[in-house]
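Undergrad: Give the three-dimensional model of this entry:
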Amino acid sequence: MQVMRGWATRYAPWVGLVSILGTAQDALAGDYEGSPQVAEFVGEMTRDYGFAGEQLMGVFREAERKQSILDAISKPAERVKQWNEYRPMFITDARIARGVDFWRQHEAVLARAEQEYGVPAQVIVSIIGVETFFGRNTGNYRVIDALSTLGFDYPPRAEFFRKELREFLLLAREEQVDPLTLKGSYAGAMGLPQFMPSSFRAYAVDFDGDGHINIWNNPDDAIGSVASYFKRHGWVAGEPVVSRADVRGEQVDEGLTTGIEPVKTVGELRALGWSSHDALRDDMPVTAFRLEGDNGPEYWMGLKNFYAITRYNRSVMYAMAVHQLSEQLVQARGVK
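TA: Next comes the predicted model:
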């Protein structure tokens with residue numbers, strides 16, 4: 001993330017209240033010219049957060065509505081892949097090799113993150129690998145364009161994306177960067193770990209101590225921020241992630257979890273025909289799920305750390321991909 005001195009002259013001062021609602025028509029000259037939604041949003045930002053309205057209007061004058069973003073978010077969902085189709089998308093020789101290189105290159109920082117947050121280095125590396133292939137695919141849309149397009153032109157989730165737009169402008173002010181320069185995914189996810197702006201402000205950390213949080217091209221901050229995220233979402237150091245299960249009987253499917261939240265205990269699952277490969281407490285709540293593997297159905301119990309991974313992306317298969325990639329990284333690197 002480049003600190004833009006030009007930002008200080010083009011749009012500073014951030015603070016200072018001005019009345020903009022009456023001059024919105026004249027202030028905007030781009031894709032959002034005359035937009036009542038934008039005028040209202042800028043008014044809220046000046047009133048509630050002390051932004052300088054005229055300067056903020058300057059940002060939106062240069063923001064662009066992207067039809068490609070609306071097309072991407074509106075396209076019909078693809079057929080849900082089975083695990084034996086999903087897994088090979090993320091657990092590949094190339095991703096494992098690049099992950100081992102990334103781990104070796106940033107070994108000291110990863111070790112420090114593991115020490116401070118209790119999150120294993122291989123899990124941090126795996127998240128960055130699954131999200132962006134270690135920085136190869138971080139997104140080419142300007143974040144201001146993505147969040148403006150979705151916040152003002154995508155009614156189904158406009159409220160959510162306007163909230164993220166607010167968080168984005170706040171983080172740009174806090175980090176003293178030009179919001180017109182930062183890039184991310186079509187949905188506004190940013191940097192190596194693909195944090196949304198609200199996650200950035202809540203969990204990202206300045207792990208190299210240079211006074212700025214840069215998850216775009218500073219791996220130290222990205223590593224520390226992923227570890228911080230997991231710690232804050234309940235990761236327990238030294239605990240396992242999943243346990244394989246054997247099943248039998250006619251009540252097995254009654255034990256399957258609907259959604260992500262762990263609602264049944266190990267003991268309750270045992271009564272329905274589930275038996276864990278590991279010694280787990282009967283009162284332990286778990287997420288019980290079935291995956292279609294290459295050799296048929298696989299039954300698993302997701303533990304507390306598994307649930308922590310799903311807080312990053314609410315998908316059982318995503319969490320399993322992260323977990324199994326992390327195991328492959330350990331094996332490939334030769335770390336016991």
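Undergrad: Verify the stated contact: residue 161 with residue 150.
TA: Yes - applying CB atoms under 8 Å as the test, residue 161 and residue 150 come out as touching, 3.8 Å apart. (C-beta placed from N, C-alpha, C; glycine too.)
Undergrad: Mutual contacts of those two, please.
TA: Here residue 161 and residue 150 share the contacting residues residue 188, scored by CB atoms under 8 Å, 6 or more residues apart in numbering.
Undergrad: And the residue nearest the centre of the chain?
TA: Using CA atoms, centre = their mean, the residue of the chain that lies closest to the mean C-alpha position is residue 195, 4.1 Å off.
Undergrad: Backbone dihedrals for that one, please?
TA: With angles defined as degrees, to the nearest 10, residue 195 sits at phi -80, psi 140.
Undergrad: per-residue confidence at it?
TA: For residue 195, the model assigns a pLDDT of 98.
Undergrad: likewise residue 201?
TA: Here, the pLDDT recorded for residue 201 equals 98.
Undergrad: ok, what's across the strand from the residue nearest to the centre of the chain?
TA: Residue 195 has the following beta-bridge partners by DSSP bridges: residue 190.
Undergrad: May I have the residues that are in contact with it?
TA: Shown in contact with residue 195 (CB under 8 Å, 6+ apart): 189, 203, 204, 215, 225, 229.
Undergrad: Skipping adjacent residues, who's closest to residue 142 in space?
TA: Leaving out its chain neighbours, the residue that sits closest to residue 142 by CB to CB, 6 or more residues apart in numbering is residue 183, at 5.8 Å.
Undergrad: count of residues packed around that neighbour?
TA: Using other CB atoms under 10 Å, residue 183 has 16 neighbouring residues.
Undergrad: right, and it touches residue 145 too?
TA: No - with contact defined as CB under 8 Å, residue 183 does not reach residue 145; the gap is 9.3 Å.
Undergrad: Averaged pLDDT, the helix or strand residue 332 falls within. What do you get?
TA: Using DSSP states H and E, the element containing residue 332 is helix 316-333. Helix 316-333 shows a mean pLDDT of 98.
Undergrad: what do you get for stretch 214-226?
TA: Stretch 214-226 carries an average pLDDT of 98.
Undergrad: And stretch 109-129, by the same measure?
TA: Predicted confidence along stretch 109-129 averages 98 (mean pLDDT).
Undergrad: Name the residues of it that are buried.
TA: Neighbour counts using 16 or more other CB atoms under 10 Å place 109-110, 112-114, 117, 119-129 of stretch 109-129 among the buried residues.
Undergrad: Any stretches of the protein with poor pLDDT?
TA: Across the chain, the ranges flagged by pLDDT under 70 are 1-30, 77-78, 335-336.
Undergrad: where along it do the strands fall?
TA: For the chain, applying DSSP state E gives strands covering 141-142, 183-184, 242-247, 264-265, 274-276, 285-293, 296-302.
Undergrad: TSV for those, including distance to residue 253?
TA: Shown next, in TSV, are the strands of the chain (distance: least, CB to CB, whole Å):
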stretch	distance to residue 253
strand 141-142	42
strand 183-184	40
strand 242-247	9
strand 264-265	12
strand 274-276	11
strand 285-293	8
strand 296-302	10
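Undergrad: All set now, cheers.
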